[in-house]
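> I would like the atomic coordinates for the input below:
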Amino acid sequence: MSEHTGSDIRGPRDIGRILLRCADRPGLVAAVSTFLAEIGANIISLDQHSTEPTGGTFMQRTIFHLPGLPAARDQLERDFADRVAGPFGMDFRLTEAAKPKRVAIMASTEDHCLLDLLWRNRRGELDMSVVMVIANHPDLADAVRPFGVPFLHVPARKDIRDEAEGRQLDLLRGNVDLVVLARYMQILTPNFIGQVGCPLINIHHSFLPAFIGASPYRRAKERGVKLVGATAHYVTEDLDEGPIIEQDVVRVDHRHSVDDLVRLGADVERAVLSRAVLWHCEDRVIRFGNQTICL
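Numbering: from 1, shown residues only. Down below sits the predicted model:
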């Protein structure tokens, strides 16, 4: 997935994206292409993957241009469902490139992932609209203020988890397309995950499960690790076991102190998280079981 380093086509109001998944069979690419040609759309790019030569799962991402797409979108979605997705048993999603995802970021006290996302978004590197930051501590309010994003302090800890998640759900449900956990140091309950109504992306150091719990970098130093890494994944009810979107590592050795490991770990965490968020917001990621395919 690391080849996706450039920005996608976005901004023009008549650019659409179709992501689809179905059982593989002959004629799938032709069916999508024929449908788009018949409605007067021009295909800009088309990426596809099948999990097996025969009998696998087929996935495809198509970017197209259609004059007047915003007005035609709802009817186009219905027509695609009737004429293509239904007959071929496709799960699909149709989006407009000109409509950025509404994103909420949840954080605690560590700022590196949160501020990196806000900075990249302000520079136009991430095609999203950050509608709020929710934190269970007030520490980062001053750092977020210059970005013009609402900072909402919702205290959360184990003994008030139900109350906190209720307040968070009131803020998030129906208002966002994605929640990013930017080093949010609270466990989310299955009830929260089931009710929030949108995907969640989490970031953590790649020492899991070897170095779980407190002070993972100190424990890693004591074991003489040679790699520091990070993993971004979708959140599921199984803690830290959701489909992986992106990973990366940096080499370390005996000369690096614990502080060095923490610094290098923060660098790779924010890079991995920003790529995962970018690919999701550009509709590149298709979930397949407990895996992801990035097209």
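> straight-line length of stretch 165-182, end to end?
Using Cα to Cα, to the nearest Å, the end-to-end distance of stretch 165-182 comes to 17 Å.
> let's test this: mean pLDDT of it, rounded?
For stretch 165-182, mean pLDDT is 98.
> and that stretch, how far out from the chain's middle?
14 Å (Cα atoms, centre = their mean, to the nearest Å).
> check stretch 196-208 too.
9 Å.
> hey, C-alpha coordinates of it in CSV?
This file holds the C-alpha atoms of stretch 196-208, laid out as CSV (Å, rounded to 0.1, in the frame of the first residue of the first chain):
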residue,chain,number,x,y,z
VAL,A,196,-21.4,5.5,16.5
GLY,A,197,-22.6,4.9,12.9
CYS,A,198,-19.3,5.3,11.1
PRO,A,199,-15.8,3.7,10.8
LEU,A,200,-13.2,4.3,13.4
ILE,A,201,-9.4,4.3,12.7
ASN,A,202,-6.9,3.7,15.5
ILE,A,203,-3.1,4.0,15.7
HIS,A,204,-0.8,2.1,18.0
HIS,A,205,2.8,1.2,18.3
SER,A,206,3.7,-2.1,16.6
PHE,A,207,5.1,-3.7,19.8
LEU,A,208,1.7,-5.2,20.4
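> mind listing what's buried in that stretch?
For stretch 196-208, a neighbour-count test (16 or more other Cβ atoms under 10 Å) marks 196, 198, 199, 200, 201, 202, 203, 204, 205, 206, 207 as buried. From N, CA and C alone the C-beta is placed, and that goes for glycine too.
> same check on stretch 140-160?
In stretch 140-160, counting by 16+ other Cβ under 10 Å, buried: 140, 144, 147, 149, 151, 152, 154, 156.
> how about the nearest residue to residue 271 once chain neighbours are set aside: which residues does it bridge to?
Leaving aside its sequence neighbours, residue 271 sits nearest to residue 248 (Cβ to Cβ, 6 or more residues apart in numbering; 6.3 Å). Beta-bridge partners recorded for residue 248 (DSSP bridges): residue 230.
> which residues does residue 248 contact?
Counting by Cβ atoms under 8 Å, 6 or more residues apart in numbering, residue 248 touches 2, 229, 230, 268, 271, 272.
> ok, it to residue 182 distance?
Counting by Cβ to Cβ, to the nearest Å, the gap from residue 248 to residue 182 is 17 Å.
> got it, and residue 89?
37 Å.
> could you do residue 77 as well?
From residue 77 to residue 182 the distance is 32 Å (Cβ to Cβ).
> who's more crowded, the two?
Taking neighbours as other Cβ atoms under 10 Å, residue 77 and residue 182 compare with residue 182 leading, 27 against 17.
> residue 232 reaches residue 280, doesn't it?
No. Using Cβ atoms under 8 Å, residue 232 is not in contact with residue 280, being 9.4 Å away.
> circling back to that earlier point, any of the contacts of residue 248 buried? List them.
229, 230, 268, 271, 272.
> sorry, back to before: which neighbours do residue 232 and residue 280 share?
Shared contacts of residue 232 and residue 280, counting by Cβ under 8 Å, 6+ apart, come down to 201, 245.
> neighbour count for these two, which is higher?
Using other Cβ under 10 Å as the criterion, residue 232 and residue 280 rank with residue 232 on top: 27 against 24.
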